[in-house]
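Visitor: Predicted structure and sequence below. I'll ask about it afterward.
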Amino acid sequence: MERKTFLTTAGVVAAAAAVPVTASAQYTRQDFDAASNRNIQFMAKILQAVIDDLNGDARDYGGYRSAAVRQLQAAKADLEQALDHVHD
């Protein structure tokens, strides 16, 4: 086994062993839901930043850039609808 692979594997095993079995019992469903909601919000912000960056480009690359922007906007809208669904 290569040294790099071994060290990575050893690190994962050590980290897993360091987590107490009862740690998962400390978290409620609301904790996991709140974390998921924050993740969705964060990803929507990242998508908006990517959209803004792409919209600042001078070239359209044969329409592919604008097509990618439309798809990213649709993905962002899907994430926003997911959050709206949580509040229904």
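Guide: Cool, got the structure. Residues are numbered from 1 along each chain as shown.

Visitor: and Asp57, what are its phi and psi?
Guide: phi -70, psi 150 (degrees, to the nearest 10).

Visitor: Share the number of residues neighbouring it, please.
Guide: 11 (other C-beta atoms under 10 Å). The way it works is simple: take the backbone N, C-alpha and C, and place the C-beta from them, glycine included.

Visitor: thought it was touching Ser66?
Guide: No - the pair Asp57 and Ser66 does not pass the contact test of C-beta atoms under 8 Å, sitting 9.7 Å apart.

Visitor: which secondary structure element contains Gly62?
Guide: If you go by DSSP states H and E, Gly62 is not part of any helix or strand.

Visitor: which regions of the chain lie under the pLDDT threshold?
Guide: 1-25, 87-88 (pLDDT under 70).

Visitor: ok, 90 please
Guide: 1-27, 29, 85-88 (pLDDT under 90).

Visitor: for it, what's the longest helix?
Guide: Counting residues, the longest helix found in the chain (DSSP state H) is helix 29-55.

Visitor: For Ala44, which non-adjacent residue is closest in space?
Guide: Leaving aside its sequence neighbours, Ala44 sits nearest to Leu79 (C-beta to C-beta, 6 or more residues apart in numbering; 4.5 Å).

Visitor: residues in contact with that neighbour?
Guide: Neighbour list for Leu79: 40, 43-44, 47 [criterion: C-beta atoms under 8 Å, 6 or more residues apart in numbering].
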